[in-house]
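# can you look at this prediction? I've put the sequence above it.
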Amino acid sequence: MTHLSNRQLRLERIPDPDGDLADWGPFAHTIDGYAAAGGFDACAALAHSGSASTLTELRATLFFVARADRHSGCSADVSPRVRDLLRRIRAKVAAGELA
């Protein structure tokens, strides 16, 4: 997938958190989370704080989880966190909260 703005998101483009998570990684990369959060350190801090509340913050956090998962060799089960983030992202899109 290419980069998508929040306004370009549609529910059908967001992986189903209760389904197969095969497409979560490519979806996570539809945003440059580092740029969206203000750099690597800011993105890491956001992801580790658990404070993401806006659609952009949630997407940046998902991006960071994807990058961390890849760099760790996919050695940890990130699926519970991914499913939670996807649910929250889908809820924001469904509600039209696109900030």
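Nice, thanks for sending it over.

# let's check: the centremost residue of this structure is which one?
For the chain, the residue nearest the mean C-alpha position is residue 62 (2.5 Å; Cα atoms, centre = their mean).

# how far away is that one from residue 56?
Relative to residue 56, residue 62 is positioned 11 Å away (Cβ to Cβ, to the nearest Å). C-beta: built from backbone N, CA, C; applies to glycine.

# chain center to the worst-scoring helix or strand of the chain on mean pLDDT: distance?
Every helix and strand in the chain was compared by mean pLDDT, DSSP states H and E; the lowest is helix 55-71, with a mean of 92. For helix 55-71, the separation from the chain centroid amounts to 5 Å (computed by Cα atoms, centre = their mean, to the nearest Å).

# list of residues touching it?
Here helix 55-71 makes contact (Cβ atoms under 8 Å, 6 or more residues apart in numbering) with 6, 9, 24-25, 27-34, 36-37, 43-44, 46-47, 51-52, 76, 78, 81-82, 85-86, 88-89, 92-93, 97-99.

# what subset of those residues is buried?
Buried by 16 or more other Cβ atoms under 10 Å: 6, 9, 24-25, 27-31, 33-34, 36-37, 43-44, 46-47, 52, 78, 81-82, 85-86, 88-89, 92-93, out of the contacts of helix 55-71.

# just for the chain, where's the confidence low?
Residue ranges of the chain with pLDDT under 70: 1, 71-77.

# quick one: the strands in it?
Assigned by DSSP state E, the strands in the chain number zero.

# need the contact list for residue 43.
The contact partners of residue 43, by Cβ under 8 Å, 6+ apart, come to 33-34, 36-37, 60-61, 63-64.

# ok, residue 99 next?
Shown in contact with residue 99 (Cβ under 8 Å, 6+ apart): 6, 54-56.

# tell me how many other residues surround residue 84.
14 (other Cβ atoms under 10 Å).

# quick check: closest non-adjacent residue to it.
residue 17 (7.5 Å; Cβ to Cβ, 6 or more residues apart in numbering).

# quick one: contacts for that neighbour?
Listed by Cβ under 8 Å, 6+ apart, the contact set of residue 17 reads 82-84, 86-87, 90.
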